[in-house]
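A.B. asks: I would like the atomic coordinates for the input below:
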Amino acid sequence: MHNTEINIQSFRGGYDNNFTYVVNNGRAETQVMIDAAVPLEIVQPSLNTNPKAILITHTHGDHIAYLAEYTEKFPEISVVIFAGSANRIPGRKIYPVKDGDLITIGGLEIRILHTPGHYYDSLCFRIGDALFTGDTLFVGRTGRTISAGSNISQLYNSVYKKLLVLPPSTIIYPGHDYGPQPTITIRENIKISPLLQARDEKDFEQRMEAFENQRKQY
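C.D. replies: This is a model prediction of the structure:
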């Protein structure tokens, strides 16, 4: 995918240092959002009169917490979501997508990557050199696999076979502000994260187990 001229604004808040992103094309004619995790009143000053879409990384409650606010304010906005979860979202205009889809919204080309593991309906959105990863990949680590709908083998495949193979200069924009900085390139993220340095799936599972055990000590 060629570099696309875009402008990205990030808004932090919600339930657990969540991010909602607002993405414009270079001329600010087309505007989309990533996740409805932050109250509309925080994001609205940066929105134009007709944002085109909300892209949902997955349907955990914190990522769709304010979706009703957004769709009520902008009744023509499209809600882009994994096709298997389209019936779970109370949106007016649902736009179901699947792995490998390339959709165009205004001047923005958006590549869809289905990345199950943290949750069955997890999606990542690639726009130019930016990769919006939801809870699949954070700065410094992967997402977790401790809840219903998660699967560690699927997470390994999603992270190692779909995301880490992208150009190293790709910039990750995660769903939460959990790391030492809000964004990072794939190249630098691999350097700082033991969870991204596994030799194979078994090694990844062992590293994840060690990560979870370490969390329990605090």
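
A.B. asks: all contacts plus neighbour counts: C-alpha atoms, from now on.
C.D. replies: Fine.

A.B. asks: centroid-nearest residue for this structure?
C.D. replies: With distances taken as Cα atoms, centre = their mean, the chain has residue 134 as the residue nearest its mean C-alpha position (2.5 Å).

A.B. asks: okay, the lengthiest helix in the chain in CSV with CA atoms only?
C.D. replies: Using DSSP state H to define each element, the chain has its longest helix at helix 201-216. Output of helix 201-216 as CSV, limited to C-alpha atoms (Å, rounded to 0.1, in the frame of the first residue of the first chain):
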residue,chain,number,x,y,z
GLU,A,201,3.8,-20.3,18.7
LYS,A,202,4.9,-22.4,21.7
ASP,A,203,7.5,-19.9,22.7
PHE,A,204,4.9,-17.1,22.4
GLU,A,205,2.5,-19.0,24.7
GLN,A,206,5.2,-19.4,27.3
ARG,A,207,6.1,-15.7,27.1
MET,A,208,2.4,-14.8,27.5
GLU,A,209,2.2,-17.1,30.5
ALA,A,210,5.2,-15.4,32.1
PHE,A,211,3.7,-12.0,31.3
GLU,A,212,0.4,-12.9,33.0
ASN,A,213,2.2,-14.3,36.1
GLN,A,214,4.2,-11.1,36.4
ARG,A,215,1.0,-9.1,36.3
LYS,A,216,-0.3,-11.1,39.3
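
A.B. asks: now do it: which elements does it pack against?
C.D. replies: In terms of contacts (3 or more Cα pairs under 8 Å, 6 or more residues apart in numbering; DSSP states H and E), helix 201-216 is packed against helix 152-158.

A.B. asks: now do the helix it packs on: everything it contacts.
C.D. replies: 114-118, 136, 145, 201, 204-205 (Cα atoms under 8 Å, 6 or more residues apart in numbering).

A.B. asks: the helix or strand just after it pairs with which strands?
C.D. replies: Where DSSP states H and E defines the elements, the next helix or strand beyond helix 152-158 is strand 171-174. Each strand paired with strand 171-174, and its direction, by DSSP bridges: strand 130-134 (parallel), strand 184-185 (antiparallel).

A.B. asks: contact partners for the closest residue to the residue nearest to the centre of the chain other than its chain neighbours?
C.D. replies: Beyond its immediate neighbours in the sequence, the residue positioned closest to residue 134 (Cα to Cα, 6 or more residues apart in numbering) is residue 175, lying 4.0 Å away. Under the criterion of Cα under 8 Å, 6+ apart, the contact partners of residue 175 comprise 18-20, 132-135, 138.

A.B. asks: most neighbours of all these, which one?
C.D. replies: Greatest neighbour count in these, by other Cα atoms under 10 Å, goes to residue 20: 30 neighbours.

A.B. asks: touching, that residue and residue 12? I think so.
C.D. replies: Yes - between residue 20 and residue 12 there is a contact at 6.6 Å, judged by Cα atoms under 8 Å.

A.B. asks: what touches both of the two?
C.D. replies: Listed as contacting both residue 20 and residue 12 by Cα under 8 Å, 6+ apart are residue 38.

A.B. asks: next, format the strands paired with strand 171-174 as TSV and append distance to residue 171 and mean pLDDT.
C.D. replies: Putting those into TSV (distance: least, Cα to Cα, whole Å; pLDDT from 0 to 100) gives the following:
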stretch	distance to residue 171	mean pLDDT
strand 130-134	5	98
strand 184-185	4	98
